[in-house]
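Asks: just coords:
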C-alpha cells in the first residue's frame, strides 16, 4: 500500500487524533475522528475532504462508535460520562446524555447494540443501559469491574464485552431471561488495561488492544480460545486492529529509545504475513481504520493518511514471526455470593 491522500487535521500543531469510526452521511461513507481539542472532524472517505466539525463536547472525548443499522448516527463519549448523539446527515448534535456529568463519576466509553435500540454507557465500574427511543436508563449492571471501565462494546443485542482498569475482560449477558447469577458468561484476566476494543461481525471476533502493546482476538463463540498477539519487541507499539480487504489485520508501529517514530506495519493475523509501509507519519500513530478498501491512519503529527493498494511502495517481509499465542489466558471464577447483580430501573 502507498499513501493516496495526506490531510493536515488542523492548523494547531499540538492537536492530534484520538479515535475514529465510520458513519454514513447524505453523500456516502464518512470518517468521524475525535481530536484532542474536544472536536469531532468528519471526512468524506472517497475524496478525503473535510465535511463538518462537531464542537459540542465539554471535555475530553474518549470514545466514538456507530452501528450499521443506524449508520448516520454517531455516539461519542467524554471522560465525565457525558455522551453526545449526532446525526451526520443533519450535521449537528441531536441529543446529549448528561445524567452523571458533574457528579465526579468517570466514564469515557459507550457501546451501541447492533439494532441501535440500546446504549451501554460506562459510569465508574458500572454499565448503564439507555433506551435510544426514550433516552432513558432501563437498567444497570453493577460491580462487574473493581475499577473504572475503559471500553464497552456489544457483541450482539444480548451480550456485551467490557474491559477495565482492573485488567479484566468480561463477556456479560443482558438478556432479561438470564438469572442474575448467570449474567457473567466469561471473565478473563489479561494483565493489562484495554485501551481499544472493536467488534468485527464479518470475522466473528472482538479485537482488543492493551496498554502493554499486546493485542487480543476473542471469538464470538466463547467456547473457542482467544488468541494473544504478543508484542514482538520493546520498540513495537500497537495502533489498532482493522479489517482490510476481507482480512483481519493488526497495525503496529516502531519507535526508538528517544521516542522517534518509524514506519507502520500491517500484519494479517490469519497468516502472519507482514507488510511494512513507507514512512509518512513523523510521530506515533493512534488510529488505524479499514474503510472501503482504504487504510486510514492518524497520528500525533496532526496528519491523516489514506493508504491505497496500488503501486509497490510497501515492502512485504518474509519470515517474520507471527504475533500469536494460542494458549488461553487465566479465567476468573467468582463465588456465588460475590457475583455482580443487575439493578433494574422502572
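Replies: Here it is on my side, so go on. Given the structure is predicted, the values throughout are model-derived calculations rather than measurements.

Asks: C-alpha only now, for contacts and for neighbours.
Replies: Noted.

Asks: pLDDT of stretch 294-308, averaged?
Replies: What stretch 294-308 shows for mean pLDDT is 95.

Asks: Span of that stretch from start to end?
Replies: 6 Å (C-alpha to C-alpha, to the nearest Å).

Asks: Could you do stretch 255-270 as well?
Replies: Per C-alpha to C-alpha, stretch 255-270 runs 25 Å from first to last residue.

Asks: Next: stretch 66-75.
Replies: 6 Å.

Asks: Stretch 128-143 now?
Replies: End-to-end for stretch 128-143, by C-alpha to C-alpha: 12 Å.

Asks: buried stuff in it?
Replies: Buried positions in stretch 128-143, judged by neighbour count with 16 or more other C-alpha atoms under 10 Å: 128, 129, 130, 137, 138, 139, 140, 141, 142, 143.

Asks: ok, so of the residues you listed, who is nearest residue 223?
Replies: Distances from residue 223 to these, taken as C-alpha to C-alpha, are shortest for residue 141 (23.4 Å).

Asks: Tell me where the stretch 151-300 of the chain has strands.
Replies: 159-164, 168-173, 184-189, 194-200, 205-210, 215-219, 227-229, 236-244, 247-254, 265-268, 274-276, 285-291, 294-299 (DSSP state E, counting those that start in this stretch).

Asks: that older thread, just the buried residues of stretch 128-143: which are in strands?
Replies: Counting by DSSP state E, the buried residues of stretch 128-143 place 128, 129, 130, 137, 138, 139, 140, 141 in strands.

Asks: nearest residue to the fourth one other than its sequence neighbours?
Replies: Going back to what we said before, that points to residue 137. Sequence neighbours aside, residue 130 is the residue nearest to residue 137 in space, at 4.2 Å (criterion: C-alpha to C-alpha, 6 or more residues apart in numbering).

Asks: I am assuming that neighbour contacts residue 136, so please confirm or correct that.
Replies: Yes - counting by C-alpha atoms under 8 Å, residue 130 touches residue 136, with 5.3 Å between them.

Asks: mind showing which ranges of this protein have poor pLDDT?
Replies: 310-328, 330-346 (pLDDT under 70).

Asks: switch the cut-off to 90
Replies: Along the chain, segments meeting pLDDT under 90 span 1, 12-14, 24-29, 46, 90-92, 102-103, 175-181, 258-259, 292-293, 309-346.

Asks: Nice, that's everything, thank you.
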